Structure formats: structure tokens, C-alpha cells
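Trainee: Sequence first, then the predicted structure, then my questions.
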Amino acid sequence: MKRFLMASAATLTTVIAAIMATSACWWFMYQPEEPKSLREE
Amino acid sequence: MPLLQKISNKFAEKVSTELKYDNDKQEVIAYGTFALLQMILSIALVVVFGLVFKVLVEALIVSFAGSILRKYSGGVHSSSPMICVVVGTVVCVAFGVLTKIEFLTQFYVVLGLTVAVFILAYVIIYKLAPIASKSKPISDKKKVRMKRGSIVVLSVYLLTGGGLFTLYLLTKNENFLNYVFCLSLGTLWQVFTLTKFGEVVLGGLDKFLSRFIKA
């Protein structure tokens, strides 16, 4: 059960990170450092 | 390191250890977790203060209008997540409160404001969007996509505004005028953060607030 919840959380946050990577900014005004693996180079 | 970021990093570390993910994946999970937490906190504060000041719907319209456009156009950033959330909440609720001023929500005032805001918004977005940040650089190819996306979102807002005006004229329900007013203000705020003037003003505000807000 714990593993399932962790995997679900990992999937959700990865999807959100991917959405952030395709945008210029996210929500309000603070932008954390974008991971290199998500950068479009 | 900001508190939200510490929480996100700790959570990502726990998940990655459990699922045996590498560092790259852990970073991505931390990034996504942070985004989710910040969004939840931002919306929650707008809801709470929107309810306190009895402008919940109006404040949420300002918040979503600005944020959705921001996804494509970027803009100036604050130095910490808490300053970001505080400024964003204050702006959204304050703009919502403006709808209580009867003069400002007269039909011709709202119409004039909406026309002015959208003309300004199209010009500024065409010239300046998207604005990248050091933490999130944007490639040239992506800039073209983001600019196009910004113009599409703005056009959707314009159509939505037109629809709301039409609904007002048909029903004489003043709430529709309030919603257009908020849509215009949310757009105006977001466009303001794209300008040099916005950068100077918000930079100064950020510097002032960072003396009191450390997280």
C-alpha cells in the first residue's frame, strides 16, 4: 500500500513537473531552479 | 532554502529512496511537488481571504486569469515562494474588493477599461512575451510557441469578456460586469509583470518584503 501511494505521488508530481517544463512560468511569481533533465536544449 | 522547497526535497528524497529512483528523477519529483504545494497554498490563501472580504469568486477570477496567461507569457519573479504567495494573494483579493466600488463597475467604465487593457495587453505580449527567468531559461523555439500561446489565451479572454458583456446586456445581472472587470484586472496585472516598469516596482516591493518574510 505504501509503495502504491509513493508511486502514485511520484507519477502525479512528475506529470506536474512536465507541465511546468512546457510553460514559461507557473502560477504566481516564484520560479524554482528547473532540473536539467526537463530543460528543452 | 525556502521552507516549501525543503519540504518538497524531503518528500522527493523519501519517495526516491522507497522506489529506488536516481538523482534526476528525484529532482523532477521535488520540482513537481514544489509546484503542487505552491499552487495549493496560493489558491487556499486566495479562497480564505476572498471569503473574509466577501469577494471569493472575483478574487479567484483575478488569480486564474493572471496565472493561466502567466503560464505562456512568463514575467518578473519574486525572490521567495512566500513573498510570491503573499503578493499574489493581496493583489487578487484587492482587485476583487475594487468591485465593491460602484463607480468602477458601471457598464461604460468596465467597457472602457476592458478595451484599454486588451489593446495594451496585445501590444505588450506581442513585443515582450515570453519573459524567461534565470531558473527557467526558454529556448528560441519555445519562445515562439509561448508567444503564440499567450496570444491565444488573450484571445480566449477577449471572447470570454465579450460573452460576459452580452450576458449582462441580456440579464442586467451586475455580477457579469464584475467578472469582466476582474478578468481585465487579472490580465492587466499579468501584463504589468512583463514590463520593465513592473520589474522595477515589484523588485522594490520584493526587496522590502524580504526583510520580513524569510521563507
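Mentor: Received, thanks.

Trainee: Can you classify the residue positioned nearest the centre of chain A by secondary structure?
Mentor: Nearest to the geometric centre of chain A sits residue A:17, at 1.5 Å (CA atoms, centre = their mean). Recorded secondary structure, residue A:17: helix (DSSP: H, G, I helix; E, B strand; the rest coil).

Trainee: I'd assumed residue B:25 was in contact with it.
Mentor: No: counting by CB atoms under 8 Å, residue A:17 stays clear of residue B:25, with 10.0 Å between them. Heads up, the C-betas are built off the backbone N, CA and C, glycines and all.

Trainee: what do those two both touch?
Mentor: The contact sets of residue A:17 and residue B:25 do not overlap (CB atoms under 8 Å, 6 or more residues apart in numbering or on different chains).

Trainee: Helix, strand or coil: sort out the nearest residue to residue B:18 once chain neighbours are set aside for me.
Mentor: If you skip the residues right next to it in sequence, residue B:18 has residue A:6 as its closest partner in space, 4.8 Å away by CB to CB, 6 or more residues apart in numbering or on different chains. Put simply, residue A:6 is helix when judged by three-state DSSP.

Trainee: before we move on, what about residue A:30?
Mentor: Look at residue A:30: counting by three-state DSSP, its state is coil.

Trainee: Show the contacting residues for the spatially closest residue to residue B:55 that is not a sequence neighbour.
Mentor: Using CB to CB, 6+ apart and skipping the chain neighbours, the partner closest in space to residue B:55 is residue B:96 (3.2 Å). Neighbouring residues of residue B:96 by CB under 8 Å, 6+ apart: B:50, B:53, B:55, B:56, B:58, B:59, B:61, B:62, B:182.

Trainee: could you redo the last one with a cut-off of 7 Å?
Mentor: Listed by CB atoms under 7 Å, 6 or more residues apart in numbering or on different chains, the contact set of residue B:96 reads B:50, B:53, B:55, B:58, B:59, B:62, B:182.

Trainee: is chain A contacted by the lengthiest helix in chain B?
Mentor: In chain B, taking DSSP state H as the definition, the longest helix is helix B:140-171. Yes: contact of helix B:140-171 with chain A is found when judged by CB under 7 Å from any CB of the partner chain, involving B:142, B:146.

Trainee: need the helices for chain B, in chain order.
Mentor: According to DSSP H, the helices that chain B contains are B:3-19, B:23-52, B:56-73, B:81-98, B:107-128, B:140-171, B:174-192, B:196-209.

Trainee: May I see the ones you listed organised as TSV, with mean pLDDT added?
Mentor: Compiled in TSV, the helices of chain B are given as follows (pLDDT from 0 to 100):
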stretch	mean pLDDT
helix B:3-19	92
helix B:23-52	93
helix B:56-73	94
helix B:81-98	93
helix B:107-128	96
helix B:140-171	95
helix B:174-192	96
helix B:196-209	93
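
Trainee: Just put these in JSON lines and tack on distance to residue A:12.
Mentor: Supplementary listing: the helices of chain B in JSON lines, determined by distance: least, CB to CB, whole Å:
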{"stretch": "helix B:3-19", "distance to residue A:12": "11"}
{"stretch": "helix B:23-52", "distance to residue A:12": "7"}
{"stretch": "helix B:56-73", "distance to residue A:12": "18"}
{"stretch": "helix B:81-98", "distance to residue A:12": "19"}
{"stretch": "helix B:107-128", "distance to residue A:12": "31"}
{"stretch": "helix B:140-171", "distance to residue A:12": "24"}
{"stretch": "helix B:174-192", "distance to residue A:12": "27"}
{"stretch": "helix B:196-209", "distance to residue A:12": "30"}
